[in-house]
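Undergrad: Attaching a predicted model along with its sequence, questions to come.
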Amino acid sequence: MTEAKFRSSGRRKFLQDTAALGGAAALGGFAPAIARAQARKVRVGLMLPYSGTYTQLGIAIENGFRLAIAENGGNIAGREIEYVKLDDESNPAKATDNANKLVTGDKVDILVGTVHSGVQAGMLKIVRETGVLHIGPNAGLNAMTTALCAPNMFRTSFANSQVSYPMGKVLAERRVKNAVTLTWKYSAGEESVNGFKDAFTKGGGKIMRDLWIPFPNVEFQSLLTEIASLKPEAVYVFFAGGGAAKFLRDYQAAGLKGKIPLYGAGFLTDGILEAAGVAEAAEGVETTLHYGDGIDTAKNNAFRLSYAKAYKLQPDVYAVQGYDAGLLFVAGMKAVKGDIGNRKAMIAAMEKAEIDSPRGRWRMSKAHNPVQDFYLRKVVGKENKVIGVAAKSLDYPPASLCKMA
Ligand code: PHB
């Protein structure tokens, strides 16, 4: 969106807000009307997958977001929060309609979501057209914080290539000579594989073959047979949620576990180690991610305890990203004393916020993407154990690719 359009959508919003106050302002003057407007609940739109292979990811993000708000006393700067939820089904074909429904239909004050990069791309059209305030709590679509970046859009998660680049770097440093990649055929899988390849081939590694399967398909058999016959030194995959659990079990059942080492973006093993048979299948698998269960800091320990108490579930990276989205929202709202219509000040505060996250403290890049460390993790029992730091403060793809309008 151009700067002019962005500003005019902000002005339109201001006019809508003041029009809604019209009658009261005429009777009682402006100040009480503003007080009443401030007392109106702030509407948070949650556009997330609540069905399909990414269901647990959507739930964890919502839980994390709500926990951050609850820790703040359930409201922010005197404003109560009202949630409007929408199941996006991880279906890109419905994404713009769904986002439009929340923004134009339900008139949410802020749109939070989503998980799937293809759905995120559709959401971004509406976010850029309307100028609605937006926080992305997962989908790593690179373009969101490069070519398509915009002042009203923030991300509390990662860029897809940012997560995989460190894994390629680690394997190249270990002098692994060749690898096969395998992922779902959609933007997140492609960007994840590209980030891995960039670092791996720069460091001297060779890619033997790139294998693909349509999203959200989980019929891995013929691909596993192909891997067995190619006999690479390493396999790099991007899978997540229910699909990742099935893949890990199938890899073991095909007899590949222990024969051909498996690596991935950390989503491969996050949030699923409690599911039947998965921890055994995943034992020893190494991944890179901006979070690890066992990060031994006061902040992470307190977060894990309160999340487990509140939801009777173990938190994972998605819960952390949702929680951080809540923290970012709180930081912005506090800066404007609950006046979410004061967009310029709210955006400025969100840009400056330092997020005290369970993953470690982080700040936004100029492109509104976290600059953060990436851990090397290994599955030990039911834990994604941190065994090293694979990349420090990684800004990739670089924020310089974003030209903020
Ligand atoms: C994505 O589509 O960007 C995506 C989905 C699930 C993940 C990570 C990234 O765990």
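TA: Structure received.
Undergrad: and the end-to-end length of stretch 345-360?
TA: 26 Å (Cα to Cα, to the nearest Å).
Undergrad: what's the average pLDDT for it?
TA: Stretch 345-360 carries an average pLDDT of 98.
Undergrad: contact partners of that stretch?
TA: 133, 151-152, 154, 156, 290-291, 295, 297, 299-300, 303-304, 315, 317, 320, 323-324, 327-328, 331-336, 340, 361-364, 368, 370, 372-373 (Cβ atoms under 8 Å, 6 or more residues apart in numbering). C-beta: built from backbone N, CA, C; applies to glycine.
Undergrad: same thing with stretch 268-276?
TA: The contact list for stretch 268-276, computed with Cβ under 8 Å, 6+ apart, reads 56-57, 60, 237-242, 244-245, 247-248, 262, 278-279, 282, 285, 287, 289, 291, 314, 316-319, 377, 379, 381-384.
Undergrad: repeat that for 6 Å
TA: 56, 239, 244-245, 278-279, 282, 285, 287, 316-317, 379, 382, 384 (Cβ atoms under 6 Å, 6 or more residues apart in numbering).
Undergrad: circling back to that earlier point, from the contacts of stretch 345-360, list the buried ones, please.
TA: Using 16 or more other Cβ atoms under 10 Å as the burial test, the contacts of stretch 345-360 include 133, 151-152, 154, 156, 290-291, 295, 300, 303-304, 315, 317, 320, 323-324, 327-328, 331-333, 335-336, 340, 362, 364, 368, 370, 372-373 as buried.
Undergrad: Which ones among those map onto helices?
TA: 300, 303-304, 317, 320, 323-324, 327-328, 331-333, 335 (DSSP state H).
Undergrad: Point me to the residue of the stretch 1-150 of the chain nearest the ligand.
TA: At 3.5 Å from the ligand, S117 is the closest residue in the stretch 1-150 of the chain, using Cβ to the nearest ligand atom.
Undergrad: My understanding was that that residue contacts L141; is that so?
TA: Yes. Counting by Cβ atoms under 6 Å, S117 touches L141, with 4.0 Å between them.
Undergrad: which parts of the stretch 1-150 of the chain sit against the ligand?
TA: Within the stretch 1-150 of the chain, the positions near the ligand by Cβ under 6 Å from any ligand atom are 115-117, 138-141.
Undergrad: 8 Å instead?
TA: 54, 57, 90, 115-120, 138-141 (Cβ under 8 Å from any ligand atom).
Undergrad: who wins for neighbours among these?
TA: When neighbours are taken as other Cβ atoms under 10 Å, the top entry among those is H116 (33 neighbours).
Undergrad: Check that residue and give its pLDDT.
TA: Looking at H116, its pLDDT stands at 98.
Undergrad: in the host helix or strand of E129, what counts as buried?
TA: Here E129, judged by DSSP states H and E, is contained in helix 117-130. For helix 117-130, the neighbour count (16+ other Cβ under 10 Å) marks 117-124, 126-130 as buried.
Undergrad: Please report how far D296 lies from the ligand.
TA: As judged by Cβ to the nearest ligand atom, to the nearest Å, D296 and the ligand stand 24 Å apart.
Undergrad: Write out the residues of the stretch 151-300 of the chain neighbouring the ligand.
TA: Going by Cβ under 8 Å from any ligand atom, the residues of the stretch 151-300 of the chain near the ligand are 157-158, 160, 163, 186-189, 191-192, 238, 240-241, 265, 267, 270.
Undergrad: how's the chain carved up into domains?
TA: 3-158+297-364, 161-289+376-398 (automatic domain parsing).
Undergrad: rank the ones you listed by pLDDT, which is bottom?
TA: Among the domains of the chain, domain 3-158+297-364 scores lowest, at a mean of 88.
Undergrad: Can you classify A276 as helix, strand or coil?
TA: Classification of A276 using DSSP: H, G, I helix; E, B strand; the rest coil returns coil.
Undergrad: Now do the phi/psi pair for it.
TA: phi -50, psi 120 (degrees, to the nearest 10).
Undergrad: now do E383
TA: phi -120, psi 140.
Undergrad: Setting the sequence-adjacent residues aside, check what's closest to it.
TA: D293 (4.8 Å; Cβ to Cβ, 6 or more residues apart in numbering).
Undergrad: That neighbour reaches K385, doesn't it?
TA: No. Contact criterion Cβ under 6 Å: D293 and K385 do not qualify, at 7.3 Å.
Undergrad: Among those two, which residue is more densely surrounded?
TA: Applying other Cβ under 10 Å to D293 and K385 shows that D293 carries more neighbours, namely 23 against 16.
Undergrad: Against G271, how distant is the more buried one?
TA: According to Cβ to Cβ, to the nearest Å, D293 stands 10 Å off from G271.
Undergrad: And the helices in the stretch 1-150 of the chain?
TA: 3-28, 30-39, 55-71, 95-100, 117-130 (DSSP state H, counting those that start in this stretch).
Undergrad: Give me the distance between the fourth one and the centre of its chain.
TA: Computed by Cα atoms, centre = their mean, to the nearest Å, the chain-centroid distance of helix 95-100 equals 18 Å.
Undergrad: Number of residues surrounding L148?
TA: Burial of L148 is recorded as 18 neighbouring residues (other Cβ under 10 Å).
Undergrad: try the one 10 residues further on
TA: Under the neighbour criterion other Cβ under 10 Å, F158 is assigned a count of 28.
Undergrad: got a list of what it touches?
TA: 140, 290.
Undergrad: Let me know the secondary structure of it.
TA: Reducing the assignment at F158 to three states with three-state DSSP gives coil.
Undergrad: Contact partners for the nearest residue to N75 once chain neighbours are set aside?
TA: Leaving aside its sequence neighbours, N75 sits nearest to I81 (Cβ to Cβ, 6+ apart; 6.3 Å). By Cβ under 6 Å, 6+ apart, the contact set of I81 is 42, 44, 69.
Undergrad: Among the residues you listed, which one has the most neighbours?
TA: Busiest of the contacts of I81 [other Cβ under 10 Å] is V44, holding 23 neighbours.
Undergrad: Contacts only, for it.
TA: Contacts for V44 (Cβ under 6 Å, 6+ apart) come out as 81, 83, 110.
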